[in-house]
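Enquirer: coordinates for the following, if possible.
(one chain, ligands or ions: 1)
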Amino acid sequence: MKCRLLLSQTVRFDLCSTMTTLSQTKELFRRAEAVCFDVDSTVIREEGIDELAKFCGVGDAVTEMTRKAMGGSMTFKMALTERLSIIRCSREQVNKLITDHPPQLTPGIRELVDSLHQRNVKVFLISGGFRCIVEHVAAQLNIPQHHVYANRLKFYFNGEYAGFDESQPTAESGGKGKVISILKEQYGFKTVVMIGDGATDLEACPPASAFIGFGGNVVRQQVKERCSWYVTGFGELIEELEKI
Ligand SMILES: [Mg+2]
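Expert: Coordinates of the predicted model:
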């Protein structure tokens, strides 16, 4: 099972890196009907789960768990379960985090999203992070709440942590690609571009028509090497749109 998963990921990487050249990726971006953004370290400067862990006083333990998870043997869902079982945040803690330490938007993202909206391009946020935090980010960027795909934390009536909704596509490995397939089917989009910093974003292409790597907050070497267009600021994307 593990071998099959690794093999399919390798195939997907190869397809994505060989299917579109830099000029093709730029052209697909200029005429995209929908642009999907990863959130953590892309639209916002930090990783939401790390900020939540720090806020709940278990930052180091969760960083250690993230490091292990990135070593490769854990599925996305297992890693999320493990980390949340350390954090065990209450509803009140999540609300307080958003009020006291609101997510920091990456410079240029507001202008880029405005520019896409002005051109009637649909903008979506697809995150392995948490809906309650991502919705807050979406509101700041005038992205409708139904364009947000993220994981849902669950709480008991008294506000204590009760797990997360395991049925969301974003709770699975390969979940971002699954969301893009859903969007293509639901809206009939032919050209969808995914933008993000991480391997899970790169893996969403295909079904995404093209992938743009973003290294403005953190550079992930594997992603940088495998994508045909890698940018370190959103200004480059705005300039490209202005060529139309
Ligand atoms: Mg990210």
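Enquirer: and the residue nearest the centre of this structure?
Expert: In the chain, the residue lying closest to the centroid (CA atoms, centre = their mean) is residue 38, at 2.4 Å.
Enquirer: give me the phi and psi angles of the nearest residue in space to that one that is not next to it in sequence.
Expert: Once flanking residues are discounted, residue 38 sits nearest to residue 196: 3.0 Å by CB to CB, 6 or more residues apart in numbering. Bear in mind the C-beta positions are built from the backbone N, C-alpha and C, glycine included. Residue 196 adopts backbone torsions of phi -170, psi 170, taken as degrees, to the nearest 10.
Enquirer: pairing partners for residue 196 in the sheet, please.
Expert: Note on residue 196: beta-bridge partners by DSSP bridges are residue 213.
Enquirer: what's near enough to touch the residue nearest to the centre of the chain?
Expert: The contact partners of residue 38, taken as CB atoms under 8 Å, 6 or more residues apart in numbering, are 126-127, 176, 194-198, 200-201, 214.
Enquirer: quick one: name the residues of this structure near the ion.
Expert: The chain comes close to the ion at residues 38, 40-41, 197-198, as judged by CB under 5 Å from the ion.
Enquirer: how about a cut-off of 8 Å?
Expert: 38-42, 47, 127-128, 196-198, 200-201 (CB under 8 Å from the ion).
Enquirer: and which of these is nearest to residue 162?
Expert: residue 128 (19.4 Å; CB to CB).
Enquirer: the chain: helices as residue ranges?
Expert: 2-19, 22-30, 48-55, 59-70, 76-87, 91-100, 109-118, 131-140, 175-187, 199-202, 221-226, 235-241 (DSSP state H).
Enquirer: can you list the ones you listed in a markdown table and add mean pLDDT and mean neighbour count?
Expert: Output for those, formatted as a markdown table (pLDDT from 0 to 100; neighbours: other CB atoms under 10 Å):
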| stretch | mean pLDDT | mean neighbour count |
| --- | --- | --- |
| helix 2-19 | 44 | 12 |
| helix 22-30 | 90 | 16 |
| helix 48-55 | 90 | 21 |
| helix 59-70 | 79 | 14 |
| helix 76-87 | 88 | 17 |
| helix 91-100 | 92 | 15 |
| helix 109-118 | 96 | 17 |
| helix 131-140 | 93 | 20 |
| helix 175-187 | 94 | 18 |
| helix 199-202 | 88 | 22 |
| helix 221-226 | 88 | 15 |
| helix 235-241 | 92 | 16 |
